[in-house]
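Novice: Build me a model from this:
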Amino acid sequence: MGIRTDWPTFVTTLVVLLGICIPLLAMPEQANAFINAAFGIMTSKFGILYLWGGIAAVILLVWLAMSRYGQVKLGSPEDKPEFTAFSWAGMLFCAGIGSGILYWGVIEWAYYLQSPPMGIEANSDAAAEWAATYGMFHWGITAWAFYGVPAIPLAYLYHVRKQPELKLSAACEGVIGKHAHGPLGRIIDILFMFGLLGGVGTSLGLGTPMVAAGLSDILGIENTMGLSVFVMLLCTAIFGISAYSGLKKGIKVLSDINVWLAIALLVFIVAVGPTLFILKTTTNGIGLMFQNFVRMNFWTDPVTNSGFPEGWTIFYRAWWIAYGPFMGLFVAKISRGRTIRQVISGMLIFGSLGCWAYFGALGNYAMHLELNDILSVTTLLNEKDAPTAIIAVINSLPLSSIVLPLFCILALIFLATQFDSAAYTMAAVATVELKEDEHPARWHRLFWAFALAGLPLSLLLVGGLKALQTAAITLALPQLFITAIMAISLVRWLREDEYRLQPAMAPIPVAAHQPRREETTADMTV
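Specialist: Got it, this is the predicted structure:
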């Protein structure tokens, strides 16, 4: 029968999207005010749910990895991993982080230095230490746990239970039963599709101005809206070709290139920058983070109400939750042949270490410039904008005429990799069935590749991109409950399939699931 498109999901997503975007285009100011108010209510009234959700996600994944269920292979016993560990880690890192790590890795510390958490004095030595810590915390273990919780149920359903559907609704079947294939399941999938559109729009909204500022500096031309549009079209062309090529020829190749470029950039910064300061500050930040891990995850600032948890920690939690199902679907597709333990440890360890390396090298180099009066990053940030501050930091490096183009290429490929991963995932969700060795139709992947760029482009032109970003974050609340349902479904399936999966698991005592022959004979004698 070939690959069949799930037209109800496909069409409904577009209709809902247009129904939301048309008011944004027609009444941007009113729409922005309404959506921002809704987001304020979400973070202030329901923000504590995001904090508890983060801790629950970490506990669940650690339990799964350490239990006998961690040995379950995602696939048949004879299946081998489809991708090398390097390519697999590169794909999940590039898809999950994108150009946002280049953006926030350089300047996030500057916000914390000026408005530190926990009542610390602004611009003090203590504020500098916490500024080097909080970025690694926000982009570390808890963030990747939000990615991992949807990934395992989807991968288990797809590779172990052999259900040929890469849909969130199917992963909820263990709890909602037949409703997963009815209107409720359709709503779950549409919420995911819209949340992903808004999510990648946020990445584009951050990455495009940053790359445009870099090109403006390199070429000596004015940084205009036209330049941002050109960058967006260039990015669209790259990820359109990659999405059309598929996983092995497109996304994998881009991810491999990007990982090597990223490693080269980080090694260069550590080598030519204040090496000892970078290493000492990064080490200190990791220690401070682990020492205060529980407090930072639960800190709500109930007495002083500074707004720090709502503006940063809860915002990031909501963002990871909204983006988590996409990562879950993508990781599920690329993880055949790996065990549950390998997927969890790979996401929590590789993902976190990659983010810490960026914040450690880029962020601490930039903070060194600030603390030693070499470059006032905070002044550029406050008086101009973040892209200007980022490019100024990169330009302060030796061989900046080479490093800045490399930085812009890295950011562009990061964007392209993230977008084509999203296009692949959206096409998979809007496909009726997708077996392990099958991929969504090429036209379908290409359509979503351009749709993902077309919507943010139109909103960027009218200044309404922030509204879509905020709307996507607001969708994190229903996604939080959907993710919880998926987790419960996974635990139920693992327990139901426990005996069938015994060859791939640690031995379970016979008495735990059936009577011994002697006991049975004795009972019969009595």
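Novice: per-residue confidence averaged over whichever helix in the chain runs longest?
Specialist: In the chain, assigned by DSSP state H, the helix with the most residues is helix 28-66. Here helix 28-66 scores 84 as its mean pLDDT.
Novice: Can you tell me which helices and strands it packs against?
Specialist: Helix 28-66 is packed against helix 7-26, helix 141-155, helix 293-298, helix 314-334, helix 340-345, helix 465-474, helix 476-496, with contacts defined by 3 or more C-beta pairs under 8 Å, 6 or more residues apart in numbering; DSSP states H and E. No exception for glycine: its C-beta is placed from N, CA and C like everyone else's.
Novice: and the angle for it with helix 7-26?
Specialist: 140 degrees (axes from the mean of the first three to the mean of the last three C-alpha atoms, to 10 degrees).
Novice: I'd like the next helix or strand past helix 28-66.
Specialist: Once helix 28-66 ends, the next helix or strand along the chain (criterion: DSSP states H and E) is helix 85-97.
Novice: quick check: angle from the helix or strand following that next one to helix 314-334?
Specialist: Next helix or strand after helix 85-97 toward the C-terminus (DSSP H and E): helix 100-114. If you take the same axes, to 10 degrees, helix 100-114 sits at 160 degrees to helix 314-334.
Novice: Helix 100-114 versus helix 85-97: what angle between them?
Specialist: Going by the same axes, to 10 degrees, helix 100-114 makes 60 degrees with helix 85-97.
Novice: Can you lay out the helices and strands packed on helix 28-66 as JSON lines showing mean neighbour count and distance to Pro77?
Specialist: Below are the helices and strands packed on helix 28-66 laid out as JSON lines (neighbours: other C-beta atoms under 10 Å; distance: least, C-beta to C-beta, whole Å):
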{"stretch": "helix 7-26", "mean neighbour count": "15", "distance to Pro77": "33"}
{"stretch": "helix 141-155", "mean neighbour count": "27", "distance to Pro77": "16"}
{"stretch": "helix 293-298", "mean neighbour count": "15", "distance to Pro77": "37"}
{"stretch": "helix 314-334", "mean neighbour count": "26", "distance to Pro77": "19"}
{"stretch": "helix 340-345", "mean neighbour count": "22", "distance to Pro77": "14"}
{"stretch": "helix 465-474", "mean neighbour count": "24", "distance to Pro77": "40"}
{"stretch": "helix 476-496", "mean neighbour count": "19", "distance to Pro77": "17"}
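Novice: Same list, these, but as JSON lines with distance to Ala392 please.
Specialist: Shown next, in JSON lines, are these (distance: least, C-beta to C-beta, whole Å):
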{"stretch": "helix 7-26", "distance to Ala392": "33"}
{"stretch": "helix 141-155", "distance to Ala392": "27"}
{"stretch": "helix 293-298", "distance to Ala392": "30"}
{"stretch": "helix 314-334", "distance to Ala392": "25"}
{"stretch": "helix 340-345", "distance to Ala392": "38"}
{"stretch": "helix 465-474", "distance to Ala392": "24"}
{"stretch": "helix 476-496", "distance to Ala392": "33"}
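Novice: what's the least confident stretch among those?
Specialist: Least confidently modelled of the helices and strands packed on helix 28-66 is helix 465-474, at a mean of 60 by mean pLDDT.
Novice: Endpoints of stretch 359-375, how far apart?
Specialist: 18 Å (C-alpha to C-alpha, to the nearest Å).
Novice: what about it, distance to the chain center?
Specialist: Computed by C-alpha atoms, centre = their mean, to the nearest Å, the chain-centroid distance of stretch 359-375 equals 26 Å.
Novice: likewise stretch 96-108?
Specialist: On C-alpha atoms, centre = their mean, the centre of stretch 96-108 falls 12 Å from that of its chain.
Novice: Leaving out chain neighbours, which residue sits closest to the most centrally placed residue in the chain?
Specialist: Nearest to the mean C-alpha position of the chain, counting by C-alpha atoms, centre = their mean, stands Gly96 at 3.5 Å. Excluding its sequence neighbours, the residue lying closest to Gly96 (C-beta to C-beta, 6 or more residues apart in numbering) is Met327, at 5.1 Å.
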